[in-house]
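# Predicted model, plus sequence, below.
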Number of protein chains: 2
Amino acid sequence: MHQIDTPIPSGHIEQHMRSSAILTDIVIGMSDGLTVPFALAAGLSGAVGNNHLSLIWIAGIAEIAAGSIAMGLGGYLAGKTEIDHYNSELKREYDEVERLPEREKEEVREFFSGLGLSRDVQEQAVEEMTRDRDKWVDFMMKYELGLDKPDPQRARKSAFNIGFSYIVGGLIPLSPYFFVRDGITGLRISAAITLCCLFIFGYFKSKFTDVNPIAGALRVMIIGALAAGCAFAVARLIQS
Amino acid sequence: MHQIDTPIPSGHIEQHMRSSAILTDIVIGMSDGLTVPFALAAGLSGAVGNNHLSLIWIAGIAEIAAGSIAMGLGGYLAGKTEIDHYNSELKREYDEVERLPEREKEEVREFFSGLGLSRDVQEQAVEEMTRDRDKWVDFMMKYELGLDKPDPQRARKSAFNIGFSYIVGGLIPLSPYFFVRDGITGLRISAAITLCCLFIFGYFKSKFTDVNPIAGALRVMIIGALAAGCAFAVARLIQS
């Protein structure tokens, strides 16, 4: 589904955070992998004659190769960009705290004022917080800019997890086409398997993000069905 | 590139935030649209005979249809999930503040303690902040759980922006195949145009996220080239 984000489940329990990062990667990779190759194969099954059935899986595997590299390296790039961005902002904050301490103190005060603290407590808090320059900059990064220190290992791991999940997800809808002799039969089996997988997948994903599991499962399944239906229709339309 | 995230550019200037959300959507949709259909067409150009050239753009357009729906609706779903998740956490926080006020106060105190404030100021700040229940819950949502109130309109707009950008991006690498009579010529023109676009695109994207623009542009271009090269190689391998 090329998801931009899956909110990381409730931060209540800190130790769950690491495993949820991996699960998020798998969710991202697999939901795309299930949906796009499925829809592509569905589209081609309506457009390719039964003599050229091999084209469905050539195209499908080419798509899986392209998609997993683009997604995996895309994830890596996004992680790298996040680190570069964090470091450049960090440098800027140290610089600002150095050059314009009064303005930066005022920003800290505004933060405490926004929390509804009295002027008196604001002043004291600013006074105490800005004593340690590292803590001060750390505070500005986190609460002014909303940036958390990214894990430098994360980019590489994330790339692998997403790319691999895309391949696994993509091979599921494609596999029936290896065993049939006409495209429409392949499409029927592929649709049955993939829509089941999308449902199960959507179910666990929704549980995981505290959303009604059945509603979430149906949403994910319907997106897959729509994408495949549209690809099928478009391919038929062009070919005729 | 199926990017998971592109860090929103420096939060220094608040009014830039809304336009950057649209730009983020366009970046996400277009980088995928440029990369995946490009690589798929490249893969097929090596596997399909010149008599079946139309299959390249049938597959390409089926992929664009599938990808734009999956990405657009995927973006919509992610936005909806974010809203549902926010609301369920909000309910939980109100509930906890009601049932376990002392534990929740302790969590607020820990936050201020983490900032390096003295015990005295911590107590005062907690006292003042927890007087207004709405402000208190708002604080817990933002700083304990790191959740910002999502814009309910955002999900729908985001779906449209991403899906549309994917279509625009995808038609660029595909267009040369309409005008040529053999796949390899199409691939050459498509590669030249698309790699230029990816470079320009990566350049502006990097400027926008405060990263060295030339390095960023090269990274984006190389991912596209790798994806296409791999799809081409895999398709050739299967076909032979």
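That came through, no problem. Residues are numbered from 1 along each chain as shown, chains lettered A, B, ... in the order given.

# show me what contacts residue A:149?
By CB atoms under 8 Å, 6 or more residues apart in numbering or on different chains, the residues touching residue A:149 are A:86, A:141. (Each C-beta comes from the backbone N, C-alpha and C, glycine too.)

# I misspoke; the intended subject was residue A:102.
So residue A:102 contacts nothing (CB under 8 Å, 6+ apart).

# Residue A:221 too?
If you count contacts by CB under 8 Å, 6+ apart, residue A:221 has them with A:195, A:198-199, A:202.

# Of these, which is the nearest to chain B?
Checking these against chain B with CB to the nearest CB, the nearest one is residue A:202 at 9.1 Å.

# Next, count neighbours for the closest residue to that closest one other than its chain neighbours.
Nearest in space to residue A:202, with sequence neighbours left out and distances taken as CB to CB, 6 or more residues apart in numbering or on different chains, is residue A:220 at 2.9 Å. Residues lying near residue A:220 (other CB atoms under 10 Å in any protein chain shown) number 26.

# swap in residue A:96?
16.

# Kindly report the same for residue A:28.
Using other CB under 10 Å, residue A:28 has 27 neighbouring residues.

# mean confidence score for the one helix or strand it maps to?
Assigned by DSSP states H and E, residue A:28 belongs to helix A:16-47. The pLDDT scores in helix A:16-47 average 81.

# per-residue pLDDT, residue A:10?
Looking at residue A:10, the pLDDT reads 39.

# ah, wrong one, I meant residue A:236
pLDDT at residue A:236 comes out at 87.

# same thing with residue A:125?
Looking at residue A:125, its pLDDT is 80.

# rewinding a little: format the contacts of residue A:221 as CSV; extra columns: pLDDT and neighbour count.
Output for the contacts of residue A:221, formatted as CSV (pLDDT from 0 to 100; neighbours: other CB atoms under 10 Å in any protein chain shown):
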residue, pLDDT, neighbour count
A:195, 95, 19
A:198, 93, 29
A:199, 93, 17
A:202, 86, 28
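
# quick one: which of these sit in helices?
Judged by DSSP state H, these include A:195, A:198-199, A:202 as members of helices.

# Max pairwise distance over these: which two?
With CB to CB as the measure, no two of these lie farther apart than A:195 and A:202, at 10.3 Å.

# hang on, the earlier thing: now the contacts of residue A:221 as JSON lines including distance to residue B:206?
Shown next, in JSON lines, are the contacts of residue A:221 (distance: CB to CB, whole Å):
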{"residue": "A:195", "distance to residue B:206": "40"}
{"residue": "A:198", "distance to residue B:206": "35"}
{"residue": "A:199", "distance to residue B:206": "40"}
{"residue": "A:202", "distance to residue B:206": "35"}
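
# quick one, what contacts the residue nearest to residue A:202?
Applying CB under 8 Å, 6+ apart to residue A:220 gives the contacts A:1, A:31, A:198-199, A:201-202, A:205, B:77.

# Can you tell me which of the residues you listed is closest to residue B:123?
When those are ranked by distance to residue B:123 (CB to CB), residue A:205 comes first, at 42.2 Å.

# Leaving out sequence neighbours, find the closest residue to the closest one.
Nearest to residue A:205 is residue A:27, by CB to CB, 6+ apart, at 5.5 Å.

# what's the neighbour count on that neighbour?
Around residue A:27 there are 23 residues (other CB under 10 Å).

# same deal with residue A:119?
The number of residues packed near residue A:119 is 10, by other CB under 10 Å.

# Run the angle between the longest helix along chain A and helix B:16-47 for me.
Identified as the longest helix of chain A according to DSSP H is helix A:54-99. Relative orientation of helix A:54-99 versus helix B:16-47 (axes from the mean of the first three to the mean of the last three CA atoms, to 10 degrees): 150 degrees.

# And helix A:54-99, what does it pack against?
helix A:16-47, helix A:101-114, helix A:133-139, helix A:154-174, helix A:176-179, helix B:16-47, helix B:54-99, helix B:213-239 (3 or more CB pairs under 8 Å, 6 or more residues apart in numbering or on different chains; DSSP states H and E).

# contacting residues around the fifth one?
Helix A:176-179 has contacts (CB under 8 Å, 6+ apart) with A:41, A:45, A:53, A:56-57, A:60, A:183, A:186, A:189-190, A:193.

# Name the SS class of the spatially most distant residue from the centre of chain A, please.
The outermost residue of chain A relative to its centre, with distances by CA atoms, centre = their mean, is residue A:120 at 43.8 Å. Three-state assignment for residue A:120 (DSSP: H, G, I helix; E, B strand; the rest coil): helix.

# Equivalent analysis for residue A:131, please.
The local conformation at residue A:131, judged by three-state DSSP, is coil.

# mind listing what it touches?
Applying CB under 8 Å, 6+ apart to residue A:131 gives the contacts residue B:116.

# Need phi/psi at it.
Taking degrees, to the nearest 10, you get phi -70, psi -40 for the backbone angles of residue A:131.

# Just want to check the distance between it and residue A:143.
17 Å (CB to CB, to the nearest Å).

# one step back: now flag whichever of the contacts of residue A:220 is closest to residue B:104.
residue A:205 (29.3 Å).

# doesn't residue A:217 make contact with residue A:200?
Yes: using CB atoms under 8 Å, residue A:200 is in contact with residue A:217, at 7.4 Å.

# about what we covered before: show me what the helix holding residue A:28 packs onto, helices and strands only.
Other elements packing on helix A:16-47 under the criterion 3+ CB pairs under 8 Å, 6+ apart are helix A:54-99, helix A:154-174, helix A:183-208, helix A:213-239, helix B:54-99.

# how about TSV for the ones you listed, with distance to residue B:149 added?
Shown next, in TSV, are these (distance: least, CB to CB, whole Å):
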stretch	distance to residue B:149
helix A:54-99	23
helix A:154-174	27
helix A:183-208	21
helix A:213-239	21
helix B:54-99	7
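
# so which of those comes closest to residue A:21?
Of the helices and strands packed on helix A:16-47, nearest to residue A:21 by CB to CB is helix A:154-174, at 7.0 Å.

# now, which of the ones in helices among the contacts of residue A:221 sits nearest residue A:153?
Taking the ones in helices among the contacts of residue A:221 together and measuring to residue A:153 by CB to CB, the closest member is residue A:202, at 29.7 Å.

# which residues does the closest residue to residue A:90 other than its chain neighbours contact?
Spatially, and ignoring its direct neighbours in sequence, residue A:90 is nearest to residue A:141 (6.3 Å; CB to CB, 6+ apart). Taking CB under 8 Å, 6+ apart, we find residue A:141 in contact with A:86, A:89-90, A:93, A:147, A:149.

# coming back round to it: I'd assumed residue A:206 was in contact with the residue nearest to residue A:205.
No: Residue A:27 lies out of contact with residue A:206 (CB under 8 Å); the separation is 10.6 Å.

# got the end-to-end distance for stretch A:207-217?
10 Å (CA to CA, to the nearest Å).

# before we move on, back to that, got the helices and strands packed on helix A:54-99 as a markdown table, with distance to residue A:71 columns?
Below are the helices and strands packed on helix A:54-99 laid out as a markdown table (distance: least, CB to CB, whole Å):
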| stretch | distance to residue A:71 |
| --- | --- |
| helix A:16-47 | 6 |
| helix A:101-114 | 37 |
| helix A:133-139 | 33 |
| helix A:154-174 | 5 |
| helix A:176-179 | 22 |
| helix B:16-47 | 8 |
| helix B:54-99 | 11 |
| helix B:213-239 | 9 |
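
# Out of those helices, which is closest to residue B:137?
Among these, the nearest to residue B:137 by CB to CB is helix B:54-99 (4.8 Å).
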